[in-house]
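Novice: output the structure for:
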Amino acid sequence: MDAPTNLKERLKFEAEYFIGQDDECEGKPLEKHLARVIIGDKPAIILDKLSKKYKFSFVNMQGKRTKSILGSYTDTYAIAKSCGKDCLEFIFSIIENAGWNNETNGYATFVMRSLKNI
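Specialist: Predicted structure coming up:
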């Protein structure tokens, strides 16, 4: 492999390699989140910053969510990619101001999609 010897460049190289494994093995988008942040992927960075600001987290399993757990990383990443930070900021501020962030499924996919369409 032509991996760089500089540690920062090597980390980016390995992150890009990890993300690119989609063609050969199925990896869940959430599992690639940190690698995307490392290489400077804008939607992943947006999600990372907003998760700290609004204090929500991601999980890698399906089903009912407890408070402050994102309903779908994949859908939220897609919103960040297609609509940007301002749209997600709008969505998360409404959820927080309404107190839904403290409710079960407050960040559910149907909530996120509905607010995006507004």
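Novice: residue ranges with poor pLDDT in the protein?
Specialist: Residue ranges of the chain with pLDDT under 70: 1, 3, 18, 20-27.
Novice: 50 instead, please
Specialist: Within the chain, no stretch has pLDDT under 50.
Novice: for it, what spans make up the helices?
Specialist: In the chain, the helices defined using DSSP state H lie at 7-19, 33-39, 42-54, 73-83, 85-98, 109-117.
Novice: what are the buried residues along the fifth one?
Specialist: Using 16 or more other C-beta atoms under 10 Å as the burial criterion, the residues of helix 85-98 that qualify are C87, L88, I91, F92, I95, E96. Yep, even glycine has a C-beta here, placed from its N, CA and C like the rest.
Novice: would you mind pulling the contact partners of it?
Specialist: Helix 85-98 has contacts (C-beta atoms under 8 Å, 6 or more residues apart in numbering) with 46-47, 50, 53-54, 56, 76, 79-80, 101, 106-107, 111-112, 115-116.
Novice: the residues you listed: which two are farthest apart?
Specialist: I46 and G106 (19.6 Å; C-beta to C-beta).
Novice: related to what we said a few turns ago, closest to P29 among the buried residues of helix 85-98?
Specialist: Closest approach to P29 among the buried residues of helix 85-98 (C-beta to C-beta): L88, at 15.8 Å.
Novice: next one: that closest one relative to G99, how far apart?
Specialist: Here the criterion is C-beta to C-beta, to the nearest Å. By it, L88 lies 19 Å from G99.
Novice: go on, I91?
Specialist: Using C-beta to C-beta, I91 is found at 15 Å from G99.
Novice: please apply the same query to L50.
Specialist: 18 Å.
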